[in-house]
Structure formats: C-alpha cells, structure tokens
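[1] Provided below for reference: sequence and predicted model.
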Amino acid sequence: MKPLLSRKIIILISSILITSVVFFTMISMTYNGFYEQTVLSANRSISSRWTTDIERRLDTIYEHVYDLSATLFNKTEIRSGSPVMDFTVMTELQDSLNSKVLASPDTTALFILDTESDLYLYYHNNALNQGVNFNLKTFLKQYGPENNTSISSRKWDALNVLENSYYYKAFRLGKYIVGAVSDTANYRVDPSWATDNTALTAFIVDGDSTITCQGDPGLISLIDPQKEGDSFEDGYAITVRRQDNSSSSTILISRPINSRTPWRLTSIFLIADSALCAILAFVLMYIIDHNVRTPLKELEKATQEVSRSNLDFRLDTRKAETREFEEVFRSFNDMSEKIRTLTIESYDLKIKREENRLKMLRAQMRPHTFLNGITTISNMTYTSKPEEMRKFISAFASFTRYMLHNSGDWTMVEEELKHIENYVAIQKSRLPGKVDFHYDCPPDILVEKIPYLTLFSFVENSFKHALNPAETMIITITGERYEEEGFKGFRLIEEDNGSGFTKEALEKLLTVDPDDLFTKEHLGLTNVRYSMNLIYHRDDLLRLSNREEGGARIELLIPEEENDDETAGM
C-alpha cells in the first residue's frame, strides 16, 4: 500500500512548528527579563524629562504672548467698532513683536490681527525660509479669527501648515487676535538624556495625527496614542504622556542596541533553529517534488491528450507515488472512458436527429406542388387545346421526375435551373402572358453544387407572394463568385418585381425560432434558412431584402471551401 502524502507533510510541519515554539519561548524569557527591568524604567524617566521641557518652553512663549496682549490692552482701544490703532502704537507693537521673537529661539512667529480692518502685524524667526514664512503668514491671517481662546487659557493646539507642524496659541482681546506659533521640530529629545546602548524614537501626536517625528517613523504602528502610560510591544519600551498645556501627546520609544549578554544566547538558538528548519524545508521540498510534481506532470500530459480528442489515453496508476494520486489517476481514467462513451452516443444521436429533420423539411416542400399540377391538368381538359395540354404534361412530367427521382441531398446549379424552367412552363400554362423568367450564370457557377430545391423554393415563394394578375411578373436569377470578410465562395441572387417583403415578414424570417418551422407564410424560405444552418452551421448565408425599384431580393451564399466537404458527407 502506498504511503499517505498528507501524513508525511503533517509530520514535517509539526516538527518545524514545535522547534520554532521552543525557540521563541526561550527568546521571550530572555527578552522580557531584560527589558522590563531596564529599558522601561529608563524610557519613563526620559519621557518625563522631555515632556516637562516642552511644557516649560511653551509656557515661556505663553508669557511673551500674554505680555504682548497686555501692551495692546494698555495702548489702544480694543472694543468692537473702535477706531484703528494709530501709527505710533502700531510701530511700538511691531517693535515689541520683533524683540520677543529675537529673545525666544523657540518662537517661530508672533502676530496681532485686527478682525475689523486690514491691520496685520507679524514677525517671524530669521531661520524661517521665505516660502514657508509666506504660507504661514497667510494661513494665520485666515485661521486666527476662527480659532482662539480667552487670555486665561494656557492650552496650546497642534496644527499642520503645508507639511510643517506647529504649536499654536491665540487670544481674543475685543476685536484683536494676539497669537504665536512654535515649530514642533524644535522640541526634540536631547540624545544626551539616553544611555549609550539605547536608541530613541520620539513622536508628538495630536489625536490620530503625527505632528513630528524624531527617529524611525515606522514605529508609530506599535502604539495607540489614546492609551496613556507605559507599555512593552515587540521588544520596544513605549511611554505615552499627555501634555498639560497642549492638546498633544508625547510618545517615546526606546530599545537597547548593545545588549550582548542576553542576545548571545538568542543568536545561538536562532542559528540552530534556522539550520534545523532549513534541513526540514529541503526534505519537504523533496517530498513535494517527488510525490506531487511528478504525478501532476502525468495529469497535465493526460489532460493535453484528452483536449486533442485522444479519448483512448489512460494514466498508468503505477506512476502515482501516493494513495491520493492513485485515486485521482483512477478517477481520471473512469472520467475519460465516460466522456468517450457519451461523445460517441451524442454524435450518433445528433446525426440521426439532423438527418430526420432534413428529410422532414424536404418532404414538406413537395405535396402541394403536385396537387396544383393535377388540378391544372383537370382544368385544361375543358379548354379543348391538346397541344397546350401536351406541353404542360411534358413539363409536369420532367418536374415530377426531378422531385421524385433525385435521391441525393445536393444538386448542380444547372439541374436546379432546368427544374425551375419546367416549373415556370407549368405556371405559364396556367397564367399565359403573366410570367417572364430568365437566368444568367457563368459556366463555372452552373457546375457548382447546392442543397437540393433551394433555388426552387425562392421561385416558388415569388409565385406565391409577388404574382399580380394585372401585370407580368419578372423573375431573374444570377450567379457570381463572391468574397467578403468571413466568406469566400459564390452566391446566387433571385429577384422579382412584386411588392417585396413586408417589414413584419422580414423580421419574422430573420428571427424565426429553428424549432418553430411549420408556418404557412414563407414556409419555403424558412425551411431553406434552417437547412443552411444545419449544413454549414452559419446563420448569415440566406439574406433577404427589397429592391430599390420594387420587388424582393434573395441572396444565397455557398461557402467554397466547405462545399466539397459537406457535399461528400451528405
């Protein structure tokens, strides 16, 4: 009995998993013991020092803004509707802005904005480049009137201005807005606060938005800014603190760089586990290659043979390396045998069904013509014209002989045209002076073969629908070589000078259901259309239209390259 492939793979995967679990358990014990005792406490201390430093420096800028607000309050009228401050006060306040920015390196810009006029005093740190300064100045003029607090609030907001982040503070004094901004990039963790073996990453965040980053920005994915306090994630010590005087939070992440003692043991375990996993992986690859890929190649070869209609091809179950593939090979062989049997049965059934249907269609074309001919002979006995009766009976005999003694499904164009001439001669005897028929076909078209009674059905249809007792009916048949996109062969065109097809008749003839053929109107054309579809498997070989000068036009297209094959098979 062949071994189960699934059992081999389960054993190997289980071995890899057990080894990996042991390895990671030992790493975790070393890892946690080291971090929980050292990194977390050091990280907490640095975070506290950093956050306190930010708050202290922001408080210093707040005092400058507060002092500027007091000067404004004392020097000019601030109530709504009061006059614009005079030039002297404006100059004094501008000087005060300049001196305070120069005195505080953390201050990026100070501004005073009159909400009831165009007055806008602004001064920025010299380190700010011209483009950033212009964007910031424009932004504050629009942002300040809508975003400000009372002078008693010491709370700072964080905001982004075209990819630059700032702490923002603004007071409303009557109609004036007094405010300051400070670039968050100024508030970095001093590297000297950390020990030599610790790498620091610091973030200032506001809600879910990162305001500034010092270090690896990818580590932000480890933290939840809304969760305050200390935590330990994936080997990193994380401390999140909310600033007392700002809507922002500070996040400090640290990890030791040179923890040699615990990581030496970890390296040994890592190398050993990697080597064992590599060995097991090679064994697994060999098993998959030998027990899976080889049988799959045999299956691929078998499917290609079946797709090429080689239904006698069978898989050798001895080449299946496992019980699973042995069952698959056996099932494939059973399926191929069933497909072969069903294909043969279906093909035989289809041939019989189509042969019976064609015979039924052609039998449907014959009886009414014979009955009409016999009725005409009966009527002619009253006219006492033996010569005309003799000609009629001769034409009728030739017509009947063609209808009854042609046992094949195909006939030459020339023979079909002679049959039509006999039919027209019969009709002329019934309708003297009312029928004119002629044809024009090159010799190479006359010897071509077409399905039996197709052209006759066109002429018979003209007599049925185009004949007008008040005028002569003219029927013409032409033949020619013809080629268009998707077709090469010859075509036969039958035209009359009657009233043509009605719109309803054309739609019905072009959309008739192949299973609903026995309609009285245009029965012959419907039968021809379906016969052509059965023979050539195409719906575009019978084309019906009306002539511009009046009358019907019927085109029959016979494919040149398929004609010989179809003729031989019928």
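    Perfect, I can see it now.

[2] for residue 148, give me its contacts.
    Taking Cβ atoms under 8 Å, 6 or more residues apart in numbering, we find residue 148 in contact with 170-172, 177, 179. Bear in mind the C-beta positions are built from the backbone N, C-alpha and C, glycine included.

[3] out of those, which end up buried?
    Buried by 16 or more other Cβ atoms under 10 Å: 170-172, 177, 179, out of the contacts of residue 148.

[4] so where's the longest strand in the protein?
    Counting residues, the longest strand found in the chain (DSSP state E) is strand 473-484.

[5] packing partners of that one?
    If you count contacts as 3 or more Cβ pairs under 8 Å, 6 or more residues apart in numbering; DSSP states H and E, strand 473-484 packs onto helix 413-430, strand 435-440, helix 443-446, helix 454-465, strand 487-496.

[6] let's see it at 10 Å
    helix 413-430, strand 435-440, helix 443-446, helix 454-465, strand 487-496, strand 552-559, helix 560-569 (3 or more Cβ pairs under 10 Å, 6 or more residues apart in numbering; DSSP states H and E).

[7] and residue 206, which of these is closest to it?
    strand 487-496 (73.5 Å; Cβ to Cβ).

[8] C-alpha coordinates for the closest one, CSV please?
    Extracted C-alpha coordinates of strand 487-496, given in CSV (Å, rounded to 0.1, in the frame of the first residue of the first chain):
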residue,chain,number,x,y,z
PHE,A,487,-16.8,34.4,-46.5
LYS,A,488,-15.4,33.1,-49.8
GLY,A,489,-17.4,31.2,-52.4
PHE,A,490,-20.2,32.0,-54.8
ARG,A,491,-23.7,33.5,-54.5
LEU,A,492,-27.0,33.1,-56.3
ILE,A,493,-29.4,36.0,-56.4
GLU,A,494,-33.1,35.7,-57.1
GLU,A,495,-35.2,38.9,-57.8
ASP,A,496,-38.8,39.6,-58.7
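
[9] flag every buried residue along that strand.
    So, applying 16+ other Cβ under 10 Å, buried residues of strand 487-496: 487, 489-496.

[10] look at residue 120 and say how many residues are nearby.
    Counted by other Cβ atoms under 10 Å, the residues lying close to residue 120 total 14.

[11] residue 63 versus that one, what's the distance?
    Using Cβ to Cβ, to the nearest Å, residue 120 is found at 23 Å from residue 63.

[12] check residue 95 too.
    Counting by Cβ to Cβ - residue 95 and residue 63 are separated by 18 Å.

[13] again with residue 110
    12 Å.

[14] quick one: common contacting residues for those two?
    100, 104 (Cβ atoms under 10 Å, 6 or more residues apart in numbering).

[15] which of these two has more neighbours?
    residue 110 (27 against 13).

[16] part of a helix, is the more buried one?
    No - judged by DSSP: H, G, I helix; E, B strand; the rest coil, residue 110 forms no part of a helix; its state is strand.

[17] please renumber so the chain begins at 49
    Okay, residue one is now 49; in that scheme the one you just asked about reads as residue 158.

[18] that one against residue 168, yeah?
    No - the pair residue 158 / residue 168 is not scored as a contact, 12.0 Å apart, by Cβ atoms under 10 Å.

[19] who touches both of those two?
    Common neighbours of residue 158 and residue 168 (Cβ under 10 Å, 6+ apart) are residue 188.

[20] for the residue lying closest to residue 463 once chain neighbours are set aside, which three-state class applies?
    Spatially, and ignoring its direct neighbours in sequence, residue 463 is nearest to residue 450 (7.5 Å; Cβ to Cβ, 6 or more residues apart in numbering). Assigned with three-state DSSP, residue 450 falls in the helix class.

[21] mind listing what residue 450 touches?
    Taking Cβ under 10 Å, 6+ apart as the test, what residue 450 contacts is 459, 463-464, 466-468, 470-471, 500-501, 504.

[22] and these, which are buried?
    459, 464, 467-468, 470-471, 500-501, 504.

[23] low-confidence ranges in the stretch 249-398 of the chain?
    For the stretch 249-398 of the chain, residues meeting the criterion pLDDT under 70 lie at 256, 273, 304-315, 317-318, 369, 395-398.

[24] now the helices for it?
    Counting by DSSP state H, counting those that start in this stretch, the stretch 249-398 of the chain has helices at residues 308-336, 342-355, 371-413.

[25] ok, now which ones touch residue 477?
    By Cβ under 10 Å, 6+ apart, the residues touching residue 477 are 421, 424-425, 427-428, 433, 436-437, 439-441, 443-444, 483.

[26] same thing but at 7 Å, please
    Taking Cβ atoms under 7 Å, 6 or more residues apart in numbering, we find residue 477 in contact with 424, 436, 439-440.

[27] hey, what's residue 207 bridged with?
    residue 214 (DSSP bridges).

[28] residues near it, how many?
    Residue 207: 18 neighbours (other Cβ under 10 Å).

[29] what's the separation between it and residue 257?
    Residue 207 is 10 Å from residue 257, by Cβ to Cβ.
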